[in-house]
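**Q** Kindly return the folded structure for what I paste below:
(chains A and B)
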2 protein chains.
Amino acid sequence: MEKINNKSKAIIIIQDGLGDRPIDVLGGKTPLETAKTPTINRLAKEGITGIMDPVKPGIRVGTDVGHLALFGLDPIKDYYGRGPIEAAGLGIELKENDIAFRANFATVNEEFVVKDRRAGRIKSTNQLAKELENIKIKDCKINIYPATEHRAVLVISGEGLSGDVTPSDPLEGNEDDRVKKIKSINNTQKEIKTAEILNIYTKKVYKILNQHPLNIKRKKRKLLPANMILIRSGGKIKKSKKTVDKFKIKAACVAAEETVKGVARQAGFSVHSLEGMTGGKDTNMMLNVKLCKKVIKNNRMVFIHIKGTDLCGHDNEPNKKIEIIEKVDKMIGEILKFIDRNTYVALTADHSTPCVCQIHTGDPVPVLIWGPQVRIDKVVNYDEISCMKGGLNRITGEDFFNIIADLLCINQKYGS
Amino acid sequence: MEKINNKSKAIIIIQDGLGDRPIDVLGGKTPLETAKTPTINRLAKEGITGIMDPVKPGIRVGTDVGHLALFGLDPIKDYYGRGPIEAAGLGIELKENDIAFRANFATVNEEFVVKDRRAGRIKSTNQLAKELENIKIKDCKINIYPATEHRAVLVISGEGLSGDVTPSDPLEGNEDDRVKKIKSINNTQKEIKTAEILNIYTKKVYKILNQHPLNIKRKKRKLLPANMILIRSGGKIKKSKKTVDKFKIKAACVAAEETVKGVARQAGFSVHSLEGMTGGKDTNMMLNVKLCKKVIKNNRMVFIHIKGTDLCGHDNEPNKKIEIIEKVDKMIGEILKFIDRNTYVALTADHSTPCVCQIHTGDPVPVLIWGPQVRIDKVVNYDEISCMKGGLNRITGEDFFNIIADLLCINQKYGS
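**A** Numbers count the residues shown, from 1 in each chain, chains lettered A, B, ... in the order given. This is a model prediction of the structure:
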């Protein structure tokens, strides 16, 4: 029998979009190089570091694909589109043939010209979604599930449907375009049927919502009516083996963002959040500490997801990014106070979102693992440049998960 | 919509066979370590470096396979043999069933014993090739396309043919062997048919060429007659997606060598050369600068290929290799004079050709990327040893192309 250390645990802190490129106003340094992070530097000094590509060097990934790899799933094979991931994020259990789309409540005029893709960032759409319950078109049924603000997930159920249709959403920056006609992509029967039904649905939605008392009230108050549903990114679930089943563990994810919650559920992790965890730049980091302290008791792995760093990259706010990184440093300081000697702490990111680019790039992200049995390298700082010389060298997201799994001794041995 | 920086460009300088091993007469250093390269060292100091394996560590590759990877193609899947690549180099458009072979005009005696595989490096074979136009054997047609000196490409057209036959060429070092009988490799009908036709062709060629006035004249002048065609490396084209289509860009290649031109055409690059660019050790490097300056205007990527370094490796001439590297350094100095702030400059090689081996080896090659947004590492020299500590760590040829594509923001994002 092999000796098994079944007491060790790992807390993995993912700073979304953390990786950056040199910034002029920071003297050619990145926000992570600039931020004052005494606690993280201590972990770097006492731990092992490296750089990581979520999939492969130079490959750009979305938050969803990046997290698939970090959560122990296959970032390419286990990816089935953003729609079903958002559905999982909302806790919707899709049936085998269901197709899920990302959806927005939006504002259109009577000619279906999109005036605002977000309906003035309407606070709640629960009432409106209720009005759209179980809409039947042909042999299919459509439901809309509200998420935060204008966001929602549309699920169409029935036989012979497909997610491979073009979006009705004209997409960001194309306001004042008309609602796009949904079309099949590969001209299959399933796609044609799905497109046809959703185009009928689009007209029906306007009729129902435009006259809804809530929207009439909004118009009177000079607010934009939420009188349209725009869809994009359709897909169906794919049954992949959950991480928790592959590794026979319990794992948890502390996150406020729907996409990350969705991927976490796909991996079989329990998902935890508290009011005040906004998934924004202003989130209350100490709530992460509170939840982590609670859930680490019954889980071998706890992932904590921080969204703010990514948002600062998209918005080109290097100083705000620094501020958030420094808050994360303090958060980690609090976490170190309650963990025991058998606990590993790992830091990484799902991808880079450099301020100078304002988009996700294929640059690798720094990675750091600290804990009882790691081989300690010579690197003493956790940043994009220092970690290039780290003892882990250049690894992938899949490698990262497997290395943690190996430290926890939850991985299978090949051969005997 | 994602913000896209569509102004940035890249100039990629490939020194063929650059990588080397320690050489005694250089005090255990490589030619690249020994060469004085102030401009390249400046780029190393201001850029990011690493080491690169064209395919995988320890795998030896040819110039064709090495360039497939560097040009954004799949070095394994998109490789279809040297014959078709040489054909592409000459601008021959192969049809679907055509089989192309590399061919040599050679000298044989009346017993078909090969006296010189290169027919005394005959200057031009245009007249002789004309004599061999459209030779019909069975239901097939054979043509010979002259390249530089004794080199040529043979194309056989017809149904049911294969490139998988043994060479008639006894190959380098085996002069005084007889012309080899061409045989099928896997004993398929296609191979047997191809071998049979080409064996008939071989005899026919001798009859036509040996009595040709040009060869009679050569014999009188004590020159070796070009009275035989020797073939090797057959293959057919494979329709792979061109790099320029995958990445939706225009790209150019400045090169004098047929193989590299062929791979560049396969990638969809425009190919540029000038008289005086010989593809040899004596090439005029400043013509590369002239062409680069011109073509960079309308292309996102310009590749410049330098052949001399590889030839010096094959000929065990370390000092000549140093001389060529120093000329490349000056060439890069000239290039830096005309590029704008949005241009990246990258340096690498397609493989190693160490002087002490005189053949291609599987040693990694050094790589360097310099430009506006790269993360700068601590390496200050560009050579096989210094780059081992580079911030890119150890990447593959495919990774190299993807990293450049990521800096130019021409790559697709996985997920959302």
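
**Q** What sits closest to residue A:251 if chain neighbours are left out?
**A** Ranked by C-beta to C-beta, 6 or more residues apart in numbering or on different chains and with sequence neighbours excluded, the top spatial neighbour of residue A:251 is residue A:301, at 4.1 Å. No exception for glycine: its C-beta is placed from N, CA and C like everyone else's.

**Q** List the beta-bridge partners for that neighbour.
**A** Beta-bridge partners for residue A:301, by DSSP bridges, are residue A:10, residue A:251.

**Q** pretty sure it contacts residue A:244?
**A** No. Look at residue A:301 against residue A:244 with C-beta atoms under 8 Å: they stay out of range, at 9.1 Å.

**Q** Now for those two: what residues contact both?
**A** A:251, A:269 (C-beta atoms under 8 Å, 6 or more residues apart in numbering or on different chains).

**Q** neighbour count winner among the two?
**A** Using other C-beta atoms under 10 Å in any protein chain shown as the criterion, residue A:301 and residue A:244 rank with residue A:301 on top: 29 against 20.

**Q** contacting residues for that one?
**A** So residue A:301 contacts A:9, A:10, A:11, A:12, A:249, A:251, A:252, A:269, A:404, A:408 (C-beta under 8 Å, 6+ apart).

**Q** Same check on residue A:219?
**A** With contact taken as C-beta under 8 Å, 6+ apart, residue A:219 is in contact with residue A:225.

**Q** Would you check how far apart it and residue A:98 are?
**A** Noted for residue A:219: a distance of 34 Å to residue A:98, by C-beta to C-beta, to the nearest Å.

**Q** what does residue A:174 give?
**A** Distance from residue A:174 to residue A:98, by C-beta to C-beta: 28 Å.

**Q** Neighbour count: these two, which is higher?
**A** Neighbour count, other C-beta under 10 Å: between residue A:174 and residue A:98, residue A:98 has more, with 21 against 13.

**Q** Is that one in contact with residue A:153, as I believe?
**A** No. Checked against C-beta under 8 Å, the pair residue A:98 and residue A:153 is beyond contact range at 10.6 Å.

**Q** what residue ranges in chain A are flagged as low confidence?
**A** A:1-6 (pLDDT under 70).

**Q** Just give me the longest strand of it.
**A** Criterion DSSP state E: the longest strand present in chain A is strand A:99-108.

**Q** Paired strands for it, with orientation please.
**A** Counting by DSSP bridges, the strands paired with strand A:99-108 are strand A:114-116 (antiparallel), strand A:151-157 (antiparallel), strand A:228-235 (antiparallel).

**Q** got the end-to-end distance for stretch A:67-84?
**A** This stretch, stretch A:67-84, spans 15 Å end to end (C-alpha to C-alpha, to the nearest Å).

**Q** I should have written stretch A:362-374 there, sorry.
**A** Stretch A:362-374: ends 28 Å apart by C-alpha to C-alpha.

**Q** buried set for that stretch?
**A** The neighbour-count check on stretch A:362-374 (16 or more other C-beta atoms under 10 Å in any protein chain shown) flags A:362, A:363, A:364, A:365, A:366, A:367, A:368, A:369, A:370, A:371, A:374 as buried.

**Q** What of stretch A:215-229?
**A** Neighbour-count burial for stretch A:215-229, counted by 16+ other C-beta under 10 Å, picks out A:215, A:218, A:224, A:225, A:226, A:227, A:228, A:229.
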